[in-house]
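1. Coordinates for the following, if possible.
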Amino acid sequence: MSVPSTPDAAAKGFHIVTFGCQMNVHDSRWLEQALTSRGFVPAPVETARVVVVNTCSVREKPERKVLSTLGRIRQATGGNPDVLVAVAGCVAQQLGETFFDLEGQVRLVIGSDGMAGAPQAIEALLEQPTKRLALLDFSSRYLEREIPATSGQADPVALVNIMQGCDNFCAYCIVPFTRGRQKSRPTSAVLDECRRLLDAGAREITLLGQNVNAFGKDAQADGVSFAELLRKVGALPGLARLRYVTPHPRDMGPEDVAAFAEIPALCPRLHLPLQSGADAVLARMGRGYDRAAYLGLVESLRTVRPDIAVSADIIVGFPGETEGDFQDTLDVMRKCAFATSFSFCYSDRPGTRASGFADKIPLETSRRRLMELQSLQEELGGAWLEGRVGETVDLLIEGRSPRQTPGLDSWQGRDPYGVPVHVSLAPDADHTGEMPVVRIVRAGRHSLIAEPA
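-> This next block holds a predicted model:
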């Protein structure tokens with residue numbers, strides 16, 4: 001591919017590539033708004049002056065994926081040295097300045113706490129084309145970010161960070177090393193951001209954190225607990241729906257459970273990581289709970305909110321996992337009847353305790369177990385979706401459906417349980433942000449089909 005022309009290289013075009021969790025998605029959206037406020041414009045990677053890769057280290061071989069992406073960027077831009085490439089996120093925090101040696105176009109490395117200074121750093125490096133910069137230091141406090149001078153409507157569904165980092169140090173997890181120690185955001189800042197989003201047209205807010213229900217438990221916190229924060233956000237005018245991810249079962253107290261019965265806006269859906277259903281594996285993982293405690297927590301949630309949909313993260317093939325341990329996990333899945341789950345084969349993460357465990361499970365065994373687990377989840381999820389047929393629910397429309405039927409105007413939204421729902425609405429109108437009442441008429445593999453009620 002040819003090198004971009006001089007006018008393209010001199011323009012303030014930017015392109016962001018995002019991997020990983022909702023927090024990364026939120027970080028990339030904020031950076032996009034901050035750059036746009038400074039006069040930058042979104043552009044294809046081939047003509048962008050600035051390319052940012054926001055990375056994730058949770059999945060297997062994350063470094064290889066990032067390096068492959070950087071190679072494609074080099075190819076797409078013709079290796080133009082005027083193109084500023086930045087690497088952000090967890091892999092950036094993990095590998096740091098090594099990226100400067102691995103890829104010549106990389107001149108900015110942004111760690112987890114460095115994102116707040118990224119827009120200024122990008123502007124400075126464009127003015128100093130021979131300089132490189134690494135923003136890798138962790139802060140002892142949550143770093144507030146500038147409020148972008150954006151205009152127009154917010155998306156119907158908005159994401160709001162309430163904390164950063166994690167203090168749990170589970171044996172398999174790299175997050176405390178890449179995101180740092182737990183830091184709660186000031187309650188006033190959370191509420192101010194929520195109000196701005198609601199004033200701009202948001203209808204639903206999802207509160208984000210690596211260990212979201214540990215909000216308020218760190219030394220930097222302002223004394224407001226997570227349950228109290230939920231009540232404050234849930235009472236804001238204009239809020240129709242409230243969600244949060246990701247909680248830790250060990251930190252979920254009775255007040256967090258009660259919130260599902262007491263806060264009308266709090267949706268009946270909870271992603272509650274299980275990781276394993278075997279006590280021996282949970283102990284080696286350092287999760288701080290056993291299967292009885294997890295099952296008791298799910299039972300208490302369904303006592304206060306019988307219709308709540310629970311989903312989970314599950315690791316298969318953790319070092320030392322026996323066939324009996326794996327069957328215990330399947331047993332917990334059946335007892336909880338998970339609506340969905342995200343399951344993975346265990347893989348080492350450098351620096352974690354589990355990476356040093358000797359009793360690794362053969363890959364073929366882990367893959368067999370994963371296939372069996374995912375087959376069970378298909379059955380559980382399919383039965384739950386089929387059981388929804390005939391229900392009448394409120395739907396928050398997020399945009400046009402990718403499933404367009406000839407002669408119909410199909411839209412997609414999510415119901416209170418977080419399931420994608422497709423529905424045909426009146427043509428020649430933008431229904432984004434509307435909340436029609438619909439009736440579920442058919443279940444798909446991972447979504448629902450509805451008609452206006």
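
2. Give the buried residues for stretch 311-328.
-> For stretch 311-328, burial by neighbour count (16 or more other Cβ atoms under 10 Å) applies to 311-312, 314-321, 325-326, 328. C-beta here means a position set from N, CA and C on the backbone, and glycine is covered the same way.

3. what's the span of stretch 78-85 from first residue to last?
-> 13 Å (Cα to Cα, to the nearest Å).

4. can you list the domains in the protein?
-> Here the domain parsing of the chain from automatic domain parsing is 6-135, 152-267, 272-386, 392-452.

5. To Leu143, which of those lies closest?
-> domain 6-135 (4.4 Å; Cβ to Cβ).

6. what's the offset of the closest one from the middle of its chain?
-> Chain-centre distance of domain 6-135: 19 Å, with Cα atoms, centre = their mean, to the nearest Å.

7. rewinding a little: tell me which of the buried residues of stretch 311-328 fall in strands.
-> Among those, the ones falling in strands (DSSP state E) are Ser311, Ala312, Ile314, Ile315, Val316.

8. got the contact list for the third one?
-> Just to be clear, that refers to Ile314. Ile314 sits next to Leu274, Gln275, Ser276, Thr329, Met333, Ser341, Phe342, Ser343, Phe344, Leu373 when contact means Cβ atoms under 8 Å, 6 or more residues apart in numbering.

9. Just give the closest residue to it, not the sequence neighbours.
-> In space, and not counting its chain neighbours, Ile314 is closest to Ser343: 4.4 Å by Cβ to Cβ, 6 or more residues apart in numbering.

10. Could you pull up phi and psi at that neighbour?
-> Dihedral pair for Ser343: phi -130, psi 140, per degrees, to the nearest 10.

11. Might one say that it is in contact with Phe318?
-> No. Using Cβ atoms under 8 Å, Ser343 and Phe318 do not qualify as a contacting pair, with a distance of 12.0 Å.

12. rewinding a little: what distance do you get for the residue nearest to Ile314 to Asp328?
-> Noted for Ser343: a distance of 15 Å to Asp328, by Cβ to Cβ, to the nearest Å.

13. what stretches of this protein score poorly on pLDDT?
-> Residues of the chain that meet the criterion pLDDT under 70 lie in 1-10, 59-60, 150-152, 405-407.

14. which residues in the protein form helices?
-> Counting by DSSP state H, the chain has helices at residues 6-10, 22-37, 62-76, 90-95, 98-102, 118-127, 175-178, 187-199, 226-234, 254-262, 279-285, 291-304, 323-336, 363-386.

15. Would you point to the one among those helices that's packed deepest?
-> Highest mean neighbour count among the helices of the chain (mean count of other Cβ atoms under 10 Å): helix 90-95, with a mean of 25.

16. Give me the helices and strands touching it, please.
-> Using 3 or more Cβ pairs under 8 Å, 6 or more residues apart in numbering; DSSP states H and E as the contact test, the elements touching helix 90-95 are strand 50-55, helix 62-76, helix 175-178.

17. Just put these in JSON lines and tack on distance to Arg414.
-> JSON lines is the format used below for these (distance: least, Cβ to Cβ, whole Å):
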{"stretch": "strand 50-55", "distance to Arg414": "24"}
{"stretch": "helix 62-76", "distance to Arg414": "28"}
{"stretch": "helix 175-178", "distance to Arg414": "27"}
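
18. among the ones you listed, which is nearest Ile122?
-> Nearest to Ile122, of the helices and strands packed on helix 90-95 and by Cβ to Cβ, is strand 50-55 at 5.8 Å.

19. With respect to Gly165, which of the helices and strands packed on helix 90-95 lies nearest?
-> helix 175-178 (6.8 Å).

20. Output the contacting helices and strands for the closest one.
-> helix 90-95.
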